[in-house]
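> With the input below, show me the fold.
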Amino acid sequence: MKHTLSVLVENKPGVLARIAGLFSRRGFNIDSLAVGVTEDPDVSRMTITVDAAEHPVEQVTKQLHKLINVIKITDLDPANSVARELSLVKVGTDAKTRGEIMQIAEIFRANILDVGRKSMTIEVTGTTEKIEALEQLLKPNVLEIVRTGRIAIERGGK
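Now for the predicted structure:
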């Protein structure tokens, strides 16, 4: 089962390395990791997605709480949170395929960021499933893909 952890940490050098190392030492594979500063410039939010099928996620959260730079950890419930990813997809195009690719992008509410003679770059934001569906449709023409990790936030007020 996939878990999305929202971890508030002090915005200091080395914190990311210590947290990633802790997951590694406990045998967890991090599926995605996104880090960014919050509304407070001294605090960063790490959104970490892990597959907890082999190991209980509580094991690693207890260890995270022991790290001095960790402020708060939340295991986000998918029903009470909003999660998104961003993907940039560069596809090979020619005069024949350009229109079809533009229609696919429009269906997925994706933005076309760059158009060249032989390629096009598409930006799509959404759930993991939405991004994977778009990538599958574009697969025969895909030249390159870049994806962010999942970012997520709890619904409602604090």
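> Could you tell me how far residue 58 is located from residue 75?
9 Å (C-beta to C-beta, to the nearest Å). No exception for glycine: its C-beta is placed from N, CA and C like everyone else's.
> How about residue 32?
Distance of residue 32 to residue 75, computed by C-beta to C-beta: 15 Å.
> What of residue 131?
According to C-beta to C-beta, residue 131 and residue 75 sit 23 Å apart.
> what does residue 42 give?
In terms of C-beta to C-beta, residue 42 sits 24 Å off from residue 75.
> With residue 116 instead?
From residue 116 over to residue 75 (counting by C-beta to C-beta), the distance is 43 Å.
> Give me the more crowded residue out of these two.
Neighbours per residue, other C-beta atoms under 10 Å: of residue 116 and residue 75, the larger number sits with residue 75, 13 against 10.
> element containing the more buried one?
strand 70-76 (DSSP states H and E).
> ditto for residue 62
helix 57-66.
> could you pull out the strands for this protein?
Assigned by DSSP state E, the strands in the chain fall at 2-10, 30-37, 43-51, 70-76, 81-92, 111-115, 119-126, 142-147, 151-154.
> now these in TSV, with mean pLDDT and distance to residue 98?
Output for these, formatted as TSV (pLDDT from 0 to 100; distance: least, C-beta to C-beta, whole Å):
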stretch	mean pLDDT	distance to residue 98
strand 2-10	93	36
strand 30-37	93	31
strand 43-51	93	34
strand 70-76	94	39
strand 81-92	96	10
strand 111-115	96	8
strand 119-126	97	7
strand 142-147	96	14
strand 151-154	94	31
